[in-house]
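Visitor: Sequence first, then the predicted structure, then my questions.
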Amino acid sequence: MKTHYTLTLAMVAGIAIGAAAVQSLHAQAKPPAIVVSLLEITDEAAYTAYAAKIPPIIAQFGGKYLARGGKTVSFEGDPAPQRVVLTQFESMEKAQAWRNSPAYQELRPEGRKSSKLRQFVVEGVAN
């Protein structure tokens with residue numbers, strides 16, 4: 001009887017590990033999405049207050065920052081924007097869900113008052 005339980009437990013564990021592996025492979029097949037935000041800050045204090053509210057919303061959709069306003073150098077063409085923010089999401093769908101979320105849309109008027117934004121999403125390279 002003890003062998004029967006051990007065998008059953010091993011089968012269940014094997015199925016769980018296999019399902020996790022398949023899920024992981026499917027997730028890797030989708031290319032990530034990178035939201036590119038080019039900003040000109042018009043009110044530094046208001047923008048700082050606004051920007052502090054955004055990270056928790058991004059995290060809700062699995063997003064993470066790749067760059068967030070560090071030093072920017074223009075190699076060619078127009079001068080670099082004052083601030084560049086790169087945010088990565090697991091997929092284009094997750095990026096769009098974040099952008100369209102009520103929580104983010106509620107904050108956008110604050111952002112519009114404190115900065116000029118050009119924002120777009122680009123599909124990354126699948127790993």
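Guide: Looks like it arrived, so ask away. Bear in mind the structure is a predicted one, so any value in this text is a computation, not a measurement. Numbering: from 1, shown residues only.
Visitor: CA only for contacts and neighbour counts going forward, please
Guide: Fine.
Visitor: and Phe120, what helix or strand is that in?
Guide: Here Phe120 sits within strand 115-123, counting by DSSP states H and E.
Visitor: roughly how far out does that strand sit from the chain middle?
Guide: For strand 115-123, the separation from the chain centroid amounts to 13 Å (computed by C-alpha atoms, centre = their mean, to the nearest Å).
Visitor: what sits against Leu66?
Guide: Neighbouring residues of Leu66 by C-alpha atoms under 8 Å, 6 or more residues apart in numbering: 85-88.
Visitor: With pLDDT and secondary structure as added columns, please give those residues in TSV.
Guide: Formatted as TSV, the contacts of Leu66 follow (pLDDT from 0 to 100; DSSP: H, G, I helix; E, B strand; the rest coil):
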residue	pLDDT	secondary structure
Val85	96	strand
Leu86	97	strand
Thr87	98	strand
Gln88	98	strand
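Visitor: Most widely separated two among those residues?
Guide: Val85 and Gln88 (10.0 Å; C-alpha to C-alpha).
Visitor: quick one, helices of this protein?
Guide: Assigned helices in the chain, in chain order: 2-29, 44-52, 54-60, 92-100, 102-114 (criterion: DSSP state H).
Visitor: any idea how far Glu110 lies from Leu86?
Guide: Going from Glu110 to Leu86 by C-alpha to C-alpha, to the nearest Å gives 20 Å.
Visitor: try Lys30
Guide: As judged by C-alpha to C-alpha, Lys30 and Leu86 stand 19 Å apart.
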